[in-house]
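Asks: this one's sequence-less:
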């Protein structure tokens, strides 16, 4: 399978602390890979390296053959990255539809001067309605964020990320804070998006859902690579069980 994302020997140090230590990871086009590890494993740091929020001391981030390592965040987005964040921060003065319309119109608003000549948002509106429908918010177009439950806000965040037409969708703990039923339904939606061809890297603490929906899992512990491969094989790895599940080596 042709690689879409390649992370090569990434190291991140914060003072005397090494948060990510020589990590490499490859994700192919159309793949859904679960990214797990205990607290403090460096998962969020590596995600921030991919998006450009954190600059690594060493290593490269390559998307579809293009080296993103020295590019700012907005150029990485233009290159095909999109992130749905764990803590959802929609524009509270905009209803759900306008939140997504704004994301759909990214190309028109990149330049302040040219944006003055692009006042028609009918195309973006139709696209936004389609995306909100895809994520299960067809009845919430004109709801404001403050009136929406967390499960709906997570779906709104997903729609906004998809509005950027990403080659790679990064999901940072989308199931956090959801009850079991909500988590399962959102997980099923992630699978549906992947089945339609969307490449996804999923950071998630809900191990049950990660195992259920991801064919492959990448595990990191103490900033280091621990295991990567088919889900059943990875989860049977004694080192993964020790690090992530807290099992005794001699059990």
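Replies: Perfect, thanks for sending it. In this text, all values refer to a predicted model and were calculated from it rather than measured experimentally.

Asks: ok, now how distant is the residue nearest to residue 73 when sequence neighbours are not counted from residue 84?
Replies: Once flanking residues are discounted, residue 73 sits nearest to residue 52: 4.3 Å by CB to CB, 6 or more residues apart in numbering. Placement of C-beta: from N, CA and C, glycine included. Here the criterion is CB to CB, to the nearest Å. By it, residue 52 lies 16 Å from residue 84.

Asks: between the two, who's got more neighbours?
Replies: Set residue 52 next to residue 84 and count neighbours by other CB atoms under 10 Å: residue 84 wins out with 24 against 19.

Asks: give me the nearest residue to the more buried one, chain neighbours excluded.
Replies: Once flanking residues are discounted, residue 84 sits nearest to residue 161: 4.1 Å by CB to CB, 6+ apart.

Asks: could you do residue 53 as well?
Replies: Counting by CB to CB, 6+ apart, the residue nearest residue 53 is residue 73, at 6.6 Å.

Asks: residue 151 too?
Replies: Leaving aside its chain neighbours, residue 151 sits nearest to residue 182 (4.4 Å; criterion: CB to CB, 6+ apart).

Asks: same for the helix or strand where the one you found lies, what does it pack against?
Replies: Following DSSP states H and E, one finds residue 182 within helix 180-195. Where contact means 3 or more CB pairs under 8 Å, 6 or more residues apart in numbering; DSSP states H and E, helix 180-195 is packed against strand 32-36, helix 150-162, strand 199-203, helix 207-213.

Asks: out of those, nearest to residue 222?
Replies: strand 32-36 (13.7 Å; CB to CB).

Asks: what residues does the closest one touch?
Replies: 27, 43, 46-47, 190-191, 194, 199-205, 207, 210-211, 213-220, 231, 244 (CB atoms under 8 Å, 6 or more residues apart in numbering).

Asks: what angle separates it from strand 199-203?
Replies: Strand 32-36 runs at 20 degrees relative to strand 199-203, counting by axes from the mean of the first three to the mean of the last three CA atoms, to 10 degrees.

Asks: after strand 32-36 comes which helix or strand?
Replies: helix 43-51.
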